[in-house]
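Undergrad: 3D, please:
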Amino acid sequence: MDRRSFLSQIPLAAAGAAVAADNTAPDFSFAELGVADLAPRLADGSLEAVSLAQAYLDRIKSIDAAGPQLRSVIELNPDALEIARALDQERAAKGVRGPLHGVPVLIKDNIATADRMATTAGSLALVGAKAPRDAHLVSRLRAAGAVILGKTNLSEWANIRSTRATSGWSARGGFTKHAYALDRNPSGSSSGSGTAAAASLATLAVGTETDGSITSPASVQNLVGLKPTVGLVSRDGIVPISHSQDTAGPMVRSVHDCAVLLAALAGHDARDAATKPMASRASVDYVAALQGERGLKGARIGVARGFFTQHDRVDPVIEEALRTLKSLGAVIVDPVELPPAERYGAAEFEILLTECKHGLNAYLAEFGAGAPVKTLADVIAFNQREAAREMPYFSQELFVQAQEKGGLASAPYRKAVETCRREARGGLMRAFSKHKLDAIVAPTGGLAWLTDTVNGDHYSASFTAPAAVAGFPHLTVPAGWALGLPVGLSFVGTAWSEATLLRLGHAFEQATKQRRAPQFLASVGRPGS
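TA: Modelled structure (predicted):
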């Protein structure tokens, strides 16, 4: 028996014993089902949207609020069933709008909705804020016929408050658990979207990323996650960190679902200048781009060895993935050189803090009506007053540093932008040009760490920074298992190359089929446990 066959049969006991949780999930007939499974049944009326929405709501009640208590959903949409029922009536009278008609979606709680749900980024400081309108991507989801079931928990303020933060925690939502090992961290900041998608609490989930917040939680929870090119999906109505790097994207269980959801999210928005290229770009059929296993034939794939983890159980999974890529007809260029993230890490930090102050003040002015805060300075003061609730585990030193930054015309900021453009974006472009590549691959990151409220997160190696800082697309796909935990393979491309990345990722996914449903184990990989 070869290594891949062994792992596919025992995905959650690769090394060390697994410890069963006290509460297991009841049987769920829609677990692991995607749009391709559900859309035909919704379209012909053999499955009603209201029944599907109710089933997911019951699932959330049984394992998110109770059972393993995943706590990935911070708030349910009180109008979800009414919306689903109206969509059923519309289908019967007029037919379907498209593949998302009646499909349940969960979105991260930093994406504004002008309904009875709150938009708080997990912070008590934004409780009471009333969004004047839906975020652009929410409007697109509604227009596509999606049923927004609720909002997902997140690392508060999308992990920009402290260097010692614990991912998956927010003052409003508490701790989100990892679906495969309840004592491990779901990674951030789209932790709730990751756990919810992994646990089949909705058909689809949406996260946001500044650097790693889609791709890292997707990788550690055996998901497909896509951080699009900055500007493919509007940032309007999203609680910001950095206009240079922020974007929303899919967190789902298959590449096909990723393609369907991306098609709904992507589009020009007059309110977001970054989307201006979308007004003149030809529309892309992301689903049609998928070609099964033949999608890798002739593709030139570079290997970023400088971003491997050096973990003796993780990197061999990626080596096996490289052999699979080659067996499917890809031309492997190994290695390709990229500037190490250390060359631009300080510059990225300068950009994030400077843009955070600018962007958050602007967001609060437009979307913060009704909240007790109007500026970043107000948020800092609120957190100090409410320290017992807002800062029981870690502080807000990054907010304080952001408040002290100059504006977007300051010399340190302009220098940082130039450094990131030269090192991250320029480094990727040089590698793609030199080797005529279709994508660059590496492990998305290391394994999920034990949640630690004393020391905070224990991130290890990561391949998220190059694409994040460059504003380029980054797709992670399940690659295999190590010590009972998921490992992701990243595909990074140049701007607007999402269709290519989806084609390559789909070919790899179909050949390997490493997606597995979680068993909500209390722990994995502990010898003698």
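
Undergrad: give me the number of residues near Ala346?
TA: Residue neighbour count, defined by other C-beta atoms under 10 Å, stands at 11 for Ala346. Backbone N, C-alpha and C define where each C-beta goes, glycine included.

Undergrad: got any ranges where the protein has weak pLDDT?
TA: Low-confidence segments of the chain (pLDDT under 70): 1-24, 526-529.

Undergrad: Pick out the residue nearest the middle of it.
TA: Ile214 (2.3 Å; C-alpha atoms, centre = their mean).

Undergrad: if I look at that one, how far off is Ser280?
TA: Separation of Ile214 from Ser280 (C-beta to C-beta, to the nearest Å): 26 Å.

Undergrad: One more: Asn383?
TA: Using C-beta to C-beta, Asn383 is found at 43 Å from Ser280.

Undergrad: contacting residues for Gly460?
TA: Let me fix one detail, which is that residue 460 is Ser and not Gly. By C-beta atoms under 8 Å, 6 or more residues apart in numbering, the residues touching Ser460 are 309, 311, 445-447, 449.

Undergrad: of all those residues, which comes closest to Ile107?
TA: Gly445 (23.6 Å; C-beta to C-beta).

Undergrad: dump the residue contacts of the closest one.
TA: Shown in contact with Gly445 (C-beta under 8 Å, 6+ apart): 212, 215-216, 219-220, 309, 459-464, 488.

Undergrad: now the strands: where do they sit in the stretch 401-529 of the chain?
TA: In the stretch 401-529 of the chain, the strands defined using DSSP state E, counting those that start in this stretch lie at 439-443, 474-482, 485-492, 523-526.

Undergrad: who's more crowded, Asn383 and Ser280?
TA: Taking neighbours as other C-beta under 10 Å, Asn383 and Ser280 compare with Asn383 leading, 24 against 7.

Undergrad: I'd say the more buried one and Trp157 touch.
TA: No. The pair Asn383 / Trp157 is not scored as a contact, 9.8 Å apart, by C-beta atoms under 8 Å.

Undergrad: Pull up the overlap in contacts between those two.
TA: Here Asn383 and Trp157 share the contacting residues Phe399, scored by C-beta under 8 Å, 6+ apart.

Undergrad: coming back round to it: tell me the one of the contacts of Gly445 nearest Gly98?
TA: Thr215 (26.7 Å).

Undergrad: Just to check, the closest one is in contact with Ala465?
TA: No. With contacts counted by C-beta under 8 Å, Thr215 stays clear of Ala465, the gap being 10.6 Å.

Undergrad: What's the end-to-end length of stretch 272-284?
TA: End-to-end distance of stretch 272-284 (C-alpha to C-alpha, to the nearest Å): 20 Å.

Undergrad: buried stuff in that stretch?
TA: 272, 274-275, 278, 284 (16 or more other C-beta atoms under 10 Å).

Undergrad: Residues in contact with that stretch: which ones?
TA: 136, 230-236, 243, 263, 266-269, 496, 498-499.

Undergrad: Among those residues, which lie within helices?
TA: 136, 263, 498-499 (DSSP state H).

Undergrad: with those in mind, which one is nearest to Ala289?
TA: Taking these together and measuring to Ala289 by C-beta to C-beta, the closest member is Ala499, at 4.0 Å.

Undergrad: do you know how far the residue of the chain positioned farthest from its centre is from Ser213?
TA: Going by C-alpha atoms, centre = their mean, the residue of the chain most distant from its centre is Ala93, 35.7 Å out. Separation of Ala93 from Ser213 (C-beta to C-beta): 40 Å.

Undergrad: picking up where we left off before, looking at the ones in helices among the contacts of stretch 272-284, which is nearest Arg41?
TA: Once C-beta to C-beta is applied, the member of the ones in helices among the contacts of stretch 272-284 that ends up nearest Arg41 is Ala263, at 20.1 Å.

Undergrad: neighbours of the nearest residue to that closest one once chain neighbours are set aside, just the number please.
TA: Counting by C-beta to C-beta, 6 or more residues apart in numbering, Ala263 lies nearest to Tyr286, which is 5.2 Å off, once chain neighbours are set aside. Residues lying near Tyr286 (other C-beta under 10 Å) number 23.

Undergrad: Would you agree Tyr286 is in contact with Glu498?
TA: Yes. Between Tyr286 and Glu498 there is a contact under C-beta under 8 Å: 6.6 Å.

Undergrad: picking up where we left off before, nearest to Pro26, of the buried residues of stretch 272-284?
TA: Out of those, the member with the shortest distance to Pro26 (by C-beta to C-beta) is Val284, at 39.9 Å.

Undergrad: you'd agree the closest one is in a helix?
TA: No. Secondary structure of Val284 (DSSP: H, G, I helix; E, B strand; the rest coil): coil, not part of a helix.

Undergrad: In this structure Leu398 contacts Asn159, no?
TA: No. Using C-beta under 8 Å as the test, Leu398 is too far from Asn159 to be in contact (9.1 Å).

Undergrad: Looking at those two, which is more packed in?
TA: Remark: of Leu398 and Asn159, Asn159 carries more neighbours, 26 against 21, as counted by other C-beta under 10 Å.

Undergrad: Tell me if I'm right that that one and Glu209 touch.
TA: No. Asn159 is beyond contact range of Glu209, at 10.5 Å (criterion: C-beta under 8 Å).

Undergrad: So which residues of the stretch 101-250 of the chain form helices?
TA: 136-144, 156-159, 191-198, 215-220 (DSSP state H, counting those that start in this stretch).

Undergrad: Dump those to JSON lines, plus distance to Gly34.
TA: JSON lines is the format used below for those (distance: least, C-beta to C-beta, whole Å):
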{"stretch": "helix 136-144", "distance to Gly34": "15"}
{"stretch": "helix 156-159", "distance to Gly34": "27"}
{"stretch": "helix 191-198", "distance to Gly34": "11"}
{"stretch": "helix 215-220", "distance to Gly34": "15"}
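
Undergrad: looking at those helices, which is closest to Phe175?
TA: helix 191-198 (9.1 Å).

Undergrad: send the alpha carbons of the closest one over as PDB?
TA: Taking Å, rounded to 0.1, in the frame of the first residue of the first chain, the C-alpha atoms of helix 191-198 are listed here in PDB:
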ATOM      1  CA  SER A 191     -11.700  31.200  11.700                       C
ATOM      2  CA  GLY A 192     -15.400  31.100  12.000                       C
ATOM      3  CA  SER A 193     -15.900  30.800   8.200                       C
ATOM      4  CA  GLY A 194     -13.300  28.000   8.100                       C
ATOM      5  CA  THR A 195     -14.800  25.900  10.900                       C
ATOM      6  CA  ALA A 196     -18.300  26.500   9.600                       C
ATOM      7  CA  ALA A 197     -17.400  25.400   6.100                       C
ATOM      8  CA  ALA A 198     -15.400  22.400   7.400                       C
END
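
Undergrad: just the angle between that helix and strand 485-492, please?
TA: 110 degrees (axes from the mean of the first three to the mean of the last three C-alpha atoms, to 10 degrees).
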